[in-house]
Each structure stands twice: as structure tokens, then as C-alpha cells.
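**Student:** One predicted model, sequence on top.
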Amino acid sequence: NAGVTQTPKFQVLKTGQSMTLQCAQDMNHEYMSWYRQDPGMGLRLIHYSVGAGITDQGEVPNGYNVSRSTTEDFPLRLLSAAPSQTSVYFCASSYSDVNTEAFFGQGTRLTVV
Amino acid sequence: GENVEQHPSTLSVQEGDSAVIKCTYSDSASNYFPWYKQELGKGPQLIIDIRSNVGEKKDQRIAVTLNKTAKHFSLHITETQPEDSAVYFCAASIWVDSSYKLIFGSGTRLLVRP
């Protein structure tokens, strides 16, 4: 099993550009989530999904969209990148919900200039 | 809103000494408290977790204690080794908008000096 795979690992965007961060898991987990990690602020929840076809907002959803068309994939879309979205992004999956172990991907380091 | 506070932000210990990291949470309905270790350039990885019906849990050199009355929980690492150097995050599951969400503390950078 590959676990949780995120692509790309690094990305530089210009302000106003859009892009999609990819996340895939091969563990048949129902629950998937996206976090951003900023210095001194820990991990903050952006969006999450409790299963295919169901998504919801986390703590910091503005400027991001998600979709969950399959159990395996949970892409995160930046609609119009802003410098405030410079961060490290982590995708995670859990078997059922947040009350079980979360498996994290390796992260995507995004810089918006 | 609901939050999780973590202290200290940095911790430096001599190899062989113990390290303690403390977290407090605000939601009395929280029932799951995991601890994650993040090594440089990697994603966080679960090292131990505890549920609200248990006061203490141990796994070799690592232990977690939970005080539900005071709403705080702590990570204890004994006989620290250089490979324990990493950033550690506590988290608590919080019931918000009809579902549980995992809220993380701000992290503790642990340095174990050889």
C-alpha cells in the first residue's frame, strides 16, 4: 500500500493563478481531510469529506474548493491564489471519522508570489 | 471557537532525560486525543492516542495522561534519544456543526541533545 499520496511536492504560483493539489489514498478510508500548516499555528482544517459525494468546510475554507467523486481521491482547488495561501498543505485519511488514526501524506509546499 | 493550546513551543533536553508536553482543550464533549510526531520534511505520524474513558496509556517510552475535569492532557517521553527530536502536535476531536473535527495544537519542537 502506498498510503496517502500527494502531488505535487512543491509548487510556485503567481497571484491570481489557479491550481489543484492532488490527494489519493489506497486504504479504502471513508474520511479524508485537507490541512494547512503555517509556522506557530499548527495544522488548520480547510475542508473534509466523510465519504464519496459528501464534503464540508473546516476552520479556514475561504479560497479553496474540494470535491469527492470517488473514495480514493480528494483534490483541493485554489481558485485564485493569494500570497496568504503560501503554506504547506497536508492531506489525511482515516478509516471512519476523526476519532480514528489519521494517515497523512508527505505534504505540498506552495508558494504564491 | 473551540481550540487546543499546547506548551511549550520549544523544548530542549539532554539525552536520557524525560520530556513533557502539555495541552489544554476547551470543548468538554471532546472524546479523542491523539499525539502526532512530525519529522523534517514529512507528514505527521500518530505515536499514541487516548480516549475519554481512559486516564492514562503507555507504549514503551511514551505515555499520555488525560484529566477530563481540568480539560488537559500531556505527553511524557522517558529516556529520550536523539531520534525523538521532532515537532510534536496534540489534537482533540471537537463536535462542531453536526460532526467531529480534529483540532490541533500549535506544536512543540523537541530537541534531544546527545
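**Tutor:** Now that the structure is in, tell me what you want to look at. Numbers count the residues shown, from 1 in each chain, chains lettered A, B, ... in the order given.
**Student:** Quick test: name the residue nearest the centre of chain B.
**Tutor:** Residue closest to the average C-alpha location in chain B (C-alpha atoms, centre = their mean): residue B:90, at 3.3 Å.
**Student:** Next: chain A.
**Tutor:** residue A:34 (3.0 Å).
**Student:** how about the residue nearest to the centre of chain B, secondary structure?
**Tutor:** strand (DSSP: H, G, I helix; E, B strand; the rest coil).
**Student:** related to what we said a few turns ago, which strand or helix spans the residue nearest to the centre of chain A?
**Tutor:** Using DSSP states H and E, residue A:34 maps to strand A:31-37.
**Student:** Which secondary structure elements does that strand sit against?
**Tutor:** Judged by 3 or more C-beta pairs under 8 Å, 6 or more residues apart in numbering or on different chains; DSSP states H and E, the packing partners of strand A:31-37 are strand A:19-25, strand A:43-51, strand A:87-94. (Glycine included, C-beta is placed from N, CA and C.)
**Student:** So what angle separates the directions of it and strand A:19-25?
**Tutor:** Angle, strand A:31-37 to strand A:19-25, by axes from the mean of the first three to the mean of the last three C-alpha atoms, to 10 degrees: 130 degrees.
**Student:** what does the average pLDDT come to for strand A:31-37?
**Tutor:** Mean pLDDT, strand A:31-37: 96.
**Student:** now what about it, what contacts it?
**Tutor:** Strand A:31-37 is contacted from outside by A:21, A:23, A:25, A:43-51, A:58, A:60, A:64, A:66, A:68, A:74, A:76, A:85, A:87-98, A:100, A:102, A:107, B:102, B:104, using C-beta atoms under 8 Å, 6 or more residues apart in numbering or on different chains.
**Student:** same question, stretch B:50-63
**Tutor:** Stretch B:50-63 is contacted from outside by A:99, B:30-34, B:47-49, B:64-68, B:73, B:75-80, using C-beta under 8 Å, 6+ apart.
**Student:** Keep only those of these that are in strands.
**Tutor:** Among the contacts of stretch B:50-63, the members found in strands (DSSP state E) are B:32-34, B:47-49, B:64-67, B:73, B:75-77.
**Student:** Can you tell me which helix or strand of chain B has the lowest average pLDDT?
**Tutor:** Among the helices and strands of chain B, strand B:99-104 carries the lowest confidence by mean pLDDT, DSSP states H and E, at a mean of 87.
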